[in-house]
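[1] Below are the sequence and a predicted model; questions follow.
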Amino acid sequence: DAGITQSPRHKVTETGTPVTLRCHQTENHRYMYWYRQDPGHGLRLIHYSYGVKDTDKGEVSDGYSVSRSKTEDFLLTLESATSSQTSVYFCAISPTGGGNTEAFFGQGTRLTVV
Amino acid sequence: TQLLEQSPQFLSIQEGENLTVYCNSSSVFSSLQWYRQEPGEGPVLLVTVVTGGEVKKLKRLTFQFGDARKDSSLHITAAQTGDTGLYLCAGAGTGFQKLVFGTGTRLLVSP
């Protein structure tokens, strides 16, 4: 299995509070992605990174920010959590961008905003 | 935004039946991937198709990439209960750095 760890695995937080999810990899892969998964929507890309300090927005980036200060860590921050951000969040890593090589996924973080 | 629409959204069949899942887009993709996801886990790659018209077989699963590289299909022959799961197609997005996923097809195979 690819060395990718998401933390925490489960979190319940209150509306309006900031929340940070962590993705840690031991594969030294260049690309890292954050997705959210909701019924009927598959996986939607929030942000991705193509190197240390190099990040870009995905299709549902509003209300989220990311940081990558080291190759192995990619942090997703919900600046002020809202109930619409209740979801399962997946981190993925890939040695190259796009769809020509396999993306490896973490086990997900279930976030509930109450 | 490049969108990948999958159909059907849900499929419930009996063991031994055949089925086809479709992945369609108005955009051209350099390659398309299919993933399967089981409850509580992240998606796992099944196959990557890169050439228009390409057909790949993985045991009872047959994957096809459309000639125009805008669509793909997954055909399962003689489905088994172990095939149950969420099937997702994915394609390289604009700039070929983003990996964009389809809406997903949830398959339930009953004994």
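    Thanks, I have it. The model shown is predicted, which means the values in this text are computed figures rather than measured ones.

[2] from here on, contacts and neighbour counts on C-alpha atoms
    Will do.

[3] Can you tell me the number of residues neighbouring A:E27?
    14 (other Cα atoms under 10 Å in any protein chain shown).

[4] Also A:K70?
    Residues within reach of A:K70, counting by other Cα under 10 Å, total 11.

[5] Grab the nearest non-local neighbour of it.
    Closest residue to A:K70 apart from its sequence neighbours, by Cα to Cα, 6 or more residues apart in numbering or on different chains: A:V52 at 5.8 Å.

[6] ok, that neighbour - contacts?
    Going by Cα atoms under 8 Å, 6 or more residues apart in numbering or on different chains, A:V52 touches A:R68, A:S69, A:K70, A:T71.

[7] Report the residue spans of chain B with pLDDT below the cut-off.
    In the predicted model, chain B carries pLDDT under 70 at residues B:1-2, B:93-97.

[8] Chain A contacts on that one?
    B:1, B:9, B:30-33, B:40-45, B:48, B:50, B:88, B:90-93, B:96-104 (Cα under 8 Å from any Cα of the partner chain).

[9] filter the residues you listed to the buried ones?
    B:9, B:30-33, B:42-45, B:48, B:50, B:88, B:90-93, B:96-104 (16 or more other Cα atoms under 10 Å in any protein chain shown).

[10] So what's the residue count around the closest residue in space to B:T81 that isn't next to it in sequence?
    Closest residue to B:T81 apart from its sequence neighbours, by Cα to Cα, 6+ apart: B:V109 at 4.8 Å. Using other Cα under 10 Å, B:V109 has 18 other residues around it.

[11] One more: A:V114?
    A:V114: 13 neighbours (other Cα under 10 Å).
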